[in-house]
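*Asks:* Need a 3D model of the following:
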Amino acid sequence: MSTTLAGVAVDAEGFLLHPEDWTEALAAEIARGAGIDELTPRHWLVVRFMRHRYLATGTAPTIRTLGKASGVEMKELYQLFPKGPAKIAAKIGGIPKPRGCI
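*Replies:* Residues are numbered from 1 along each chain as shown. Now for the predicted structure:
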């Protein structure tokens, strides 16, 4: 089942069905829906890392990879994305939910 967010198709959990539909404005709207009022430069670092990794490999990085390779330590990831760093950053980045996320 799919629905739309700002005219863009999303799945039942709010993840974009087509990553190519992503824009920074849409990312900001998704972030607000996830309780993040403003995307800071550190948020953007993580979101862009997630997106770049997905577009390069076809899979979203896990939380472990995110903590090791993004340049943002695990503790800060949970401060930036309290409801689940990998899942929320992926959603904001317009990519599918990483494997292992519930």
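
*Asks:* Can you show me the helices along the chain?
*Replies:* 24-33, 41-57, 63-69, 74-80, 85-92 (DSSP state H).

*Asks:* Just send those back as JSON lines, with mean neighbour count too.
*Replies:* All C-beta atoms are positioned from the backbone trio N, CA, C, and that covers glycine. Converted to JSON lines, the helices of the chain look like this (neighbours: other Cβ atoms under 10 Å):
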{"stretch": "helix 24-33", "mean neighbour count": "16"}
{"stretch": "helix 41-57", "mean neighbour count": "17"}
{"stretch": "helix 63-69", "mean neighbour count": "16"}
{"stretch": "helix 74-80", "mean neighbour count": "15"}
{"stretch": "helix 85-92", "mean neighbour count": "26"}
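
*Asks:* Which of the ones you listed comes out lowest on mean pLDDT?
*Replies:* Confidence, taken as mean pLDDT, is least for helix 63-69 of the helices of the chain (a mean of 89).

*Asks:* Can you tell me which helices and strands that helix packs against?
*Replies:* helix 41-57, helix 74-80, helix 85-92 (3 or more Cβ pairs under 8 Å, 6 or more residues apart in numbering; DSSP states H and E).

*Asks:* Go through the ones you listed and name the closest to residue 25.
*Replies:* helix 85-92 (11.8 Å; Cβ to Cβ).

*Asks:* what distance separates the closest one from the centre of its chain?
*Replies:* 3 Å (Cα atoms, centre = their mean, to the nearest Å).

*Asks:* again with stretch 45-65
*Replies:* On Cα atoms, centre = their mean, the centre of stretch 45-65 falls 9 Å from that of its chain.

*Asks:* any residues touching that stretch, and which ones?
*Replies:* Applying Cβ atoms under 8 Å, 6 or more residues apart in numbering, the contact partners of stretch 45-65 are 19, 22, 27, 39, 66, 69-72, 74, 77, 80-81, 85-86, 89-90, 92-101.
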